[in-house]
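Visitor: fold the following, please.
(one chain, ligands or ions: 1)
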Amino acid sequence: MLKRANDTSDWNRLADHALAGELLSRNEARAVLAAGDEMILDQLAAAYRVRRHFWGNRVRLHFLLNAQSGLCPEDCHYCSQSTISAAEIAKYPMIAQEKILDAAARAARLKAGTFCMVISGRAPGERVFNKVLDAVHEVKARHDLKICACLGLLSEEQTRRLAEAGVDRVNHNLNTSESHTPNIVSTHTFEDRRQTVRAVQAAGITTCSGGIIGMGESDDDVIDLALELRRMEVTSVPVNFLIPVPGTPFEDRQELDPRRCLRVLCLYRFLLPSQEIRIAGGREVHLRSLQPLGLYAANSIFIGDYLTTGGQEPRKDIEMIRDAGFVLEKADGSEFEGDPLEDFPEHVLQTPLPVLRHPTAPHYAGPR
Ligand code: SF4
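Guide: Take a look at the predicted model:
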C-alpha cells in the first residue's frame with residue numbers, strides 16, 4: 001500500500017513493480033486514480049519508464065473504417081448505433097469493396113500500420129462475413145497493412161475462417177468490469193464478450209480488447225477491467241473515453257477531464273506494462289490540449305476518423321507525435337527514419353475520408 005500518494009518515489013516504485021512483472025496491489029492501483037492533479041507529471045514520468053522499456057519512443061498508428069453503420073439490435077447504452085439510440089447517425093449496410101479498398105489505400109498513405117475494419121451489429125451474418133473475408137484478401141494483396149476486424153460476437157468457426165483469410169487481429173472490447181456490464185447493456189453479457197475474445201485466441205489471432213472510461217464506473221471497475229485484460233493476456237488494449245452522444249442513454253454523462261484520462265492511462269501502463277495501449281475514441285474531446293502527454297503512457301493512437309465522427313487532422317496528429325520526440329512505427333514494428341511528414345501529399349493530409357459519414361452526424365458512435 002502506498003504510504004503517501006504525494007511522493008515521486010511512490011510512482012517510481014510502481015514503475016519498478018511493473019518492470020519486474022509484479023502486479024500492483026489494489027490499494028496502489030486505487031492510489032494512482034485518486035492522486036491529486038499536481039502529481040500528474042510525476043505519474044506520467046513513472047509510466048513513461050515502463051512504456052519506454054517495452055515500446056521505446058515509437059507510436060503505432062491505427063486507421064479505422066466503419067464498413068457498416070447503425071442497424072444494430074443490441075442496446076449498448078454508450079453507442080449511437082444501438083437499437084435504443086435516437087442519435088442522428090448515418091446508417092448503412094456493408095459498404096462496397098471498392099470503398100473499403102479506397103480507405104485501405106488512404107490508411108497505407110497515412111503510414112498506419114493497422115487497418116481496422118468495423119461493422120455494427122451483434123454478430124455478422126454469413127453474407128456480410130463473406131464480404132469481409134473477400135475484402136481482407138484484397139487489402140492484403142495490395143498493401144503492407146495489418147488487418148484488424150471488429151465484427152461483434154464471433155464463434156470459434158468464424159475466428160478460424162478469419163485466421164485463414166489472413167486477419168492479423170480481432171477487436172472485441174470487454175468495455176467495462178463484469179459487475180458494471182449490466183448497467184451498460186442488457187442484450188448480451190460480459191461472458192459473451194469474454195467468449196469471443198477466447199475464440200479469437202483459440203484461432204491464433206492476436207487480440208485487441210479494451211474498454212470505455214466515463215460510463216458511471218467506479219475506480220474499482222476501471223481496475224477490474226485492466227486486471228481482466230491482463231489475465232486474458234490481450235495483446236492490444238484500446239482505451240476509449242466516452243463521448244456522451246445526444247440521443248443515447250448516456251447523453252448526460254460528463255465524468256471526465258484530461259487529468260482523469262491521463263491517470264487512467266498511467267494506471268493501465270502500470271497494470272499492462274508490455275501490452276500495446278492505444279488512446280482510442282474521445283482522445284481529442286477529453287484529453288484536449290494534453291493529448292501529447294497521453295503518449296508518455298500509451299504507445300498507439302487512431303489516425304483519421306472514428307466510427308461516426310471526425311478525428312483530428314492527420315497532419316496535426318503527426319506533428320503532435322513528432323513535436324513530443326516520438327517516432328512513427330511501421331507495420332513490422334521498426335521505426336520510420338527521417339521526417340515522417342516528408343512524403344505526405346498535402347491532399348492526403350487535408351481531405352476528408354473517402355468513406356461514408358453522414359454530413360449531419362457529427363457524433364462519435366462509440367467503440368464496439
Ligand atoms: S457497440 Fe456494437 S453491439 Fe453494441 S449497440 Fe453498438 S454496434 Fe451494436
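Visitor: right, and the ligand sits closest to which residue of the stretch 101-250 of the chain?
Guide: Taking Cβ to the nearest ligand atom, the ligand has its nearest neighbour within the stretch 101-250 of the chain at residue 120, 3.8 Å off. Heads up, the C-betas are built off the backbone N, CA and C, glycines and all.
Visitor: how many other residues sit next to that residue?
Guide: The tally of other residues near residue 120 (other Cβ atoms under 10 Å) stands at 29.
Visitor: and it, what does it touch?
Guide: Applying Cβ atoms under 8 Å, 6 or more residues apart in numbering to residue 120 gives the contacts 66, 68, 69, 70, 71, 72, 81, 152, 365, 368.
Visitor: tell me the secondary structure at residue 287.
Guide: Under DSSP: H, G, I helix; E, B strand; the rest coil, residue 287 falls in the helix class.
Visitor: got a pLDDT number for it?
Guide: pLDDT recorded at residue 287 is 96.
Visitor: need the residues of the stretch 101-250 of the chain near the ligand, please.
Guide: Residues of the stretch 101-250 of the chain lying close to the ligand (Cβ under 6 Å from any ligand atom) are 120, 121, 122, 152.
Visitor: state the distance from the second one to residue 251.
Guide: When distance is defined by Cβ to Cβ, to the nearest Å, residue 121 is 22 Å away from residue 251.
Visitor: the two: who's more crowded?
Guide: residue 121 (21 against 18).
Visitor: show me where the protein has helices.
Guide: For the chain, applying DSSP state H gives helices covering 8-19, 26-34, 40-55, 97-109, 126-142, 156-165, 190-202, 219-231, 258-271, 291-294, 314-323, 346-350.
Visitor: mean pLDDT and mean neighbour count added to these, as TSV?
Guide: As requested, these are arranged in TSV below (pLDDT from 0 to 100; neighbours: other Cβ atoms under 10 Å):
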stretch	mean pLDDT	mean neighbour count
helix 8-19	92	18
helix 26-34	97	19
helix 40-55	98	20
helix 97-109	90	19
helix 126-142	95	16
helix 156-165	97	18
helix 190-202	98	19
helix 219-231	98	20
helix 258-271	98	25
helix 291-294	97	20
helix 314-323	87	17
helix 346-350	52	11
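Visitor: tell me which of the ones you listed lies nearest to residue 177.
Guide: For the helices of the chain, the distance to residue 177 is smallest for helix 219-231, at 3.7 Å, taking Cβ to Cβ.
Visitor: quick one: work out the angle between that closest one and helix 258-271.
Guide: In terms of direction (axes from the mean of the first three to the mean of the last three Cα atoms, to 10 degrees), helix 219-231 departs from helix 258-271 by 40 degrees.
Visitor: specify the angle between helix 219-231 and helix 26-34 in degrees.
Guide: 120 degrees.
Visitor: what's the pLDDT at residue 313?
Guide: For residue 313, the predicted pLDDT is 76.
Visitor: next: residue 4.
Guide: 53.
Visitor: and for residue 361?
Guide: 30.
Visitor: repeat for residue 76
Guide: Per-residue pLDDT puts residue 76 at 95.
Visitor: quick one: it from the ligand, how far?
Guide: Taking Cβ to the nearest ligand atom, to the nearest Å as the measure, residue 76 falls 3 Å from the ligand.
Visitor: quick one: that residue and residue 216, what's the gap?
Guide: Per Cβ to Cβ, residue 76 is found 14 Å from residue 216.
Visitor: the nearest residue to residue 21 once chain neighbours are set aside: what's it in contact with?
Guide: Nearest non-adjacent residue to residue 21, counting by Cβ to Cβ, 6 or more residues apart in numbering: residue 273, 7.6 Å away. Contact analysis of residue 273 by Cβ under 8 Å, 6+ apart lists 18, 19, 21, 50, 53, 54.
Visitor: redo those residues as JSON lines? Include distance to residue 279.
Guide: Shown next, in JSON lines, are those (distance: Cβ to Cβ, whole Å):
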{"residue": "18", "distance to residue 279": "19"}
{"residue": "19", "distance to residue 279": "22"}
{"residue": "21", "distance to residue 279": "24"}
{"residue": "50", "distance to residue 279": "16"}
{"residue": "53", "distance to residue 279": "19"}
{"residue": "54", "distance to residue 279": "16"}
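Visitor: residue 76 and residue 216: which has the busier surroundings?
Guide: Neighbour tally, residue 76 and residue 216, criterion other Cβ under 10 Å: the higher count belongs to residue 76, 27 against 14.
Visitor: is that one in contact with residue 181, as I believe?
Guide: No: if you go by Cβ atoms under 8 Å, residue 76 and residue 181 don't touch, sitting 10.1 Å apart.
Visitor: what sits in contact with each of these two?
Guide: Here residue 76 and residue 181 share the contacting residues residue 175, scored by Cβ under 8 Å, 6+ apart.
Visitor: sorry, back to before: overlap in contacts, residue 76 and residue 216.
Guide: Between them, residue 76 and residue 216 share these contacting residues under Cβ under 8 Å, 6+ apart: residue 184.
Visitor: which residue is the nearest non-sequential neighbour of residue 201?
Guide: Per Cβ to Cβ, 6+ apart, closest to residue 201 is residue 207, 5.8 Å.
Visitor: what bridges to the one you found?
Guide: residue 170 (DSSP bridges).
Visitor: how about it, what does it touch?
Guide: Residue 207 makes contacts with 169, 170, 172, 197, 200, 201, 232, 233, 234, 235, 236, as judged by Cβ under 8 Å, 6+ apart.
Visitor: if any of the residues you listed are buried, give me the ChimeraX selection for them.
Guide: A single ChimeraX command is used to select the members of the contacts of residue 207 judged buried by 16 or more other Cβ atoms under 10 Å:
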select :169,170,172,197,200,201,234,235,236
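Visitor: good, we can wrap up now.
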